[in-house]
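*Asks:* Sharing a sequence plus its predicted fold:
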Amino acid sequence: MNINKKIAVVTGGASGLGRAASQLLVDAGATVIIFDMNESAGEQAVAELGAGSSRYMQLDVSNGPDVESAFENILEEFGRVDVCVNCAGIGIAAKTVDREGQPHDLDLYRKVIEVNLIGTFNVARCAAAAMAKNEPDEKTERGVIINTASIAAFDGQMGQVAYSATKGGIVGMTLPMARDLAKQGIRINTIAPGVMATPLMLAAPEHVQDGIVANIPFPKRLGEPSEFGQLVVHITENSYLNGETIRLDGGVRMQPR
Ligand SMILES: NC(=O)c1ccc[n+]([C@@H]2O[C@H](COP(=O)([O-])OP(=O)(O)OC[C@H]3O[C@@H](n4cnc5c(N)ncnc54)[C@H](O)[C@@H]3O)[C@@H](O)[C@H]2O)c1
């Protein structure tokens, strides 16, 4: 799909990977609507994007009615949605049984599932319903949805039991969603990033970063958010990519800890 003059929704667009994806989509000519909980960062991101018509909406991606009405508002104002990139997500660290012998907090487990897995599906289902209203383009496409998993979906480390479950769920729903939406001409793909240089990771002590980088075959560095953004642009433009999860990780396979 040609990105120029298209309408793109990016969740988690106020920070990190979503912020970078928003910038590359704007640079390719799209109008971006950011869904994010963090109002000040969301407003700042939109101001910095350098695209007059781009917008920030304060939203919790896991809230069904709020996301439904956000898409209704976008359809009223912009008339269409062409691209949806799901980046909103949270991470926690907790083992199945902790050092004191206590079982994993179940509410914490539910919270991560709620934001990462249900939030991704919630936005994807509403985006798909909006895209289905589009006239097909010259390649018979009506829309593209890109979800963000993690390599923790495949090689989750100790303490990632909840996070990995959410990311595995996102990988698992990629193909059936692509099959569900084939008739409407909507493609679904998922990116599984490795360790990326987002604010959270850059705040980690140098020795922690060095330890991670030591395991990466090549290139020996953290991934750049702009490299995630580049892949978002490529998936959007390449009409034959569908139902797939792509690792973006420098070839790393995470160790147990
Ligand atoms: N950074 C990495 O190394 C890495 C690696 C693999 C996967 N990922 C995944 O990529 C995505 C983005 O990660 P990041 O590093 O850019 O994180 P980040 O914390 O920099 O950005 C995430 C954004 O999501 C927003 N958000 C969180 N919960 C939300 C909710 N319920 N509703 C709306 N917005 C919400 C936050 O406010 C924030 O702006 C996440 O899904 C993460 O799991 C990141």
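*Replies:* Perfect, thanks for sending it.
*Asks:* does any part of the lowest-mean-pLDDT helix or strand in the chain sit near the ligand?
*Replies:* The weakest-scoring helix or strand in the chain, judged by mean pLDDT, DSSP states H and E, is helix 199-202 (a mean of 83). Yes: using Cβ under 6 Å from any ligand atom, we find that helix 199-202 touches the ligand at Pro199, Leu200, Met201. In short, each C-beta sits where N, CA and C put it, glycine included.
*Asks:* So what touches that helix?
*Replies:* If you take Cβ atoms under 8 Å, 6 or more residues apart in numbering as the criterion, helix 199-202 is touched by Ser15, Gly16, Gly91, Val195, Gln209, Leu222.
*Asks:* so the first one makes contact with Asp36?
*Replies:* Okay, so that is Ser15. Yes: if you go by Cβ atoms under 8 Å, Ser15 and Asp36 touch, sitting 7.5 Å apart.
*Asks:* Report the set of residues contacting both of these two.
*Replies:* Going by Cβ under 8 Å, 6+ apart, residues that sit against Ser15 and also against Asp36 are Ala45.
*Asks:* can you list the residues of this protein near the ligand?
*Replies:* By Cβ under 6 Å from any ligand atom, the part of the chain that sits against the ligand consists of 11-12, 14-18, 35-38, 41, 59-62, 87-91, 115, 119, 148, 150, 193, 195-196, 198-201.
*Asks:* and those, which are buried?
*Replies:* Using 16 or more other Cβ atoms under 10 Å as the burial test, the residues of the chain next to the ligand include 11-12, 14-18, 35-38, 41, 59, 61-62, 87-89, 91, 115, 119, 148, 150, 193, 195-196, 198 as buried.
*Asks:* Now, those that are in strands?
*Replies:* In strands, defined here by DSSP state E, the members of those are Thr11, Phe35, Asp36, Thr148, Pro193.
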